[in-house]
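Student: predicted structure and sequence below. I'll ask about it afterward.
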Amino acid sequence: MRRLSWFNTVSLTLGFAFLYIPMLILIVYSFNGGKLVTVWSGFSTKWYGELFRNEAFLDAAWVTLKVAVVSSTIATVLGTMAAYVMVRAGRFRGRTLFSGMIYAPLVMPEVITGLSLLLLFIAIGLDRGVLTIVLAHTTFSMCYVSVVVSSRLVTFDQSLEEAALDLGCTGFEAFRLVTLPIIAPAVISGWLLAFTLSLDDLVIASFTSGPSSTTLPIKIFSAVRLGVSPEINALSTIMITLVAVGVIGASLSSKRTIAKRAKDEQEAIQ
């Protein structure tokens with residue numbers, strides 16, 4: 001195994017320190033008993049209690065979760081369909097325009113996307129609210145799902161589908177029973193990516209949200225402009241913990257799946 005040079009080791013150490021030390025400081029000061037976030041006044045968990053009694057933050061978190069779940073689900077369905085057409089349909093009239101419309105949000109600045117969607121909703125007379133945020137998030141996250149799923153479909157062995165068709169399956173049954181289970185990891189990855197993008201979005205949501213549909217990033221940004229409060233530190237700590245638990249759980253699940261697959265292959269050989 002090739003060892004890292006001292007330069008690479010120092011660079012990695014400084015890079016990870018730059019990324020994670022601020023998070024550690026934030027977590028520590030979320031347990032600060034004082035109201036000042038930069039002066040330690042003793043250990044306390046009272047700001048977590050204040051956070052769960054803050055109706056504004058709770059309502060924003062609920063709106064954010066609803067929008068993220070619905071938009072990522074719709075984006076996954078549409079993105080998977082678009083990826084299937086791009087990979088399996090071959091060359092057809094309008095393919096260049098179709099692919100351009102799918103991949104345009106990847107390179108389009110979020111400010112332009114948010115402004116254009118705002119003008120569209122105003123033109124059609126659609127009041128801004130949860131529905132407009134869902135439509136906006138579905139629009140820009142669908143392309144990410146399409147990229148992830150299409151990369152898996154490119155390497156998919158089409159002879160498996162052909163075998164299912166030869167055995168009497170219809171095209172839809174072959175897709176549902178053969179193709180979809182095989183590309184399921186890519187579909188799930190696309191859903192998780194779309195869900196994360198929706199949770200993290202601030203710019204597009206600020207253009208398409210209404211007075212009664214404030215998302216959590218907008219709420220945090222508005223609160224930070226007036227000064228960082230310990231409640232925001234507590235909220236950030238909870239979010240970091242949830243992400244860490246999710247990443248660790250996914251890593252352990254992946255390791256167990258790989259180990260089980262290797263064990264099954266070894267048993268099959270024996």
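Tutor: Happy to help now that I have it.
Student: centroid-nearest residue for this structure?
Tutor: residue 196 (2.0 Å; Cα atoms, centre = their mean).
Student: secondary structure element for that one?
Tutor: helix 180-200 (DSSP states H and E).
Student: so what touches that helix?
Tutor: 64, 67-69, 71-73, 75-76, 79-80, 137, 140-142, 144-146, 148-149, 151-153, 156, 160, 216-217 (Cβ atoms under 8 Å, 6 or more residues apart in numbering). From N, CA and C alone the C-beta is placed, and that goes for glycine too.
Student: write a PyMOL command that selects only the buried members of these.
Tutor: The buried subset of these, as determined by 16 or more other Cβ atoms under 10 Å, is captured in PyMOL by this line:
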select buried, resi 64+67+68+71+72+75+76+79+80+137+140+141+142+144+145+146+148+149+152+153+156+216+217
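Student: of the contacts of helix 180-200, which belong to helices?
Tutor: Under the assignment DSSP state H, the contacts of helix 180-200 contribute 64, 67-69, 71-73, 75-76, 79-80, 137, 140-142, 144-146, 148-149, 151-153, 160, 216-217 to helices.
Student: which phi and psi does residue 38 have?
Tutor: phi -110, psi 0 (degrees, to the nearest 10).
Student: same question for residue 128.
Tutor: phi -70, psi 140.
Student: nearest residue to it in space, please, no chain neighbours.
Tutor: residue 210 (3.8 Å; Cβ to Cβ, 6 or more residues apart in numbering).
Student: try residue 38
Tutor: Nearest residue to residue 38, sequence neighbours excluded (Cβ to Cβ, 6+ apart): residue 29, at 7.6 Å.
Student: ranges for the helices of this structure?
Tutor: With helices called from DSSP H, the chain shows them at 6-29, 46-52, 55-88, 95-107, 110-123, 130-154, 158-166, 171-174, 180-200, 203-208, 216-225, 230-269.
Student: out of the ones you listed, the one nearest residue 39 is which?
Tutor: Judged by Cβ to Cβ, the one of the helices of the chain that comes nearest to residue 39 is helix 6-29, at 9.2 Å.
Student: with residue 22 as the reference, measure out to the residue nearest to residue 38.
Tutor: As judged by Cβ to Cβ, to the nearest Å, residue 29 and residue 22 stand 11 Å apart.
Student: which one's more surrounded, those two?
Tutor: Applying other Cβ atoms under 10 Å to residue 29 and residue 22 shows that residue 29 carries more neighbours, namely 20 against 10.
Student: tell me who's in contact with residue 145.
Tutor: By Cβ under 8 Å, 6+ apart, the residues touching residue 145 are 75-76, 78-80, 83, 187, 190-191, 193-194.
Student: the nearest residue to residue 143 once chain neighbours are set aside: neighbour count?
Tutor: Spatial nearest neighbour of residue 143, chain neighbours left out: residue 105 (4.8 Å); criterion: Cβ to Cβ, 6+ apart. Residue 105 is flanked by 17 other residues according to other Cβ under 10 Å.
Student: if I look at residue 105, how far off is residue 75?
Tutor: Where residue 75 is concerned, residue 105 sits at a distance of 11 Å (Cβ to Cβ).
Student: what's the overlap in contacts for those two?
Tutor: Joint contacts of residue 105 and residue 75 (Cβ under 8 Å, 6+ apart) are residue 142.
Student: what's the burial count for the nearest residue to residue 73 once chain neighbours are set aside?
Tutor: Leaving aside its sequence neighbours, residue 73 sits nearest to residue 191 (Cβ to Cβ, 6+ apart; 7.0 Å). Neighbours of residue 191 under the rule other Cβ under 10 Å: 21.
Student: and the pLDDT for residue 191?
Tutor: We have a pLDDT of 90 for residue 191.
Student: from residue 145, how far out is it?
Tutor: Going from residue 191 to residue 145 by Cβ to Cβ gives 7 Å.
Student: and what of residue 91?
Tutor: 23 Å.
Student: where does the chain have low pLDDT?
Tutor: Scanning the chain with the threshold set as pLDDT under 70 gives 1-2, 264-265, 267-270.
Student: about what we covered before: for residue 38, find the nearest of the helices of the chain.
Tutor: Residue 38 lies closest to helix 6-29 among these, at 7.6 Å (Cβ to Cβ).
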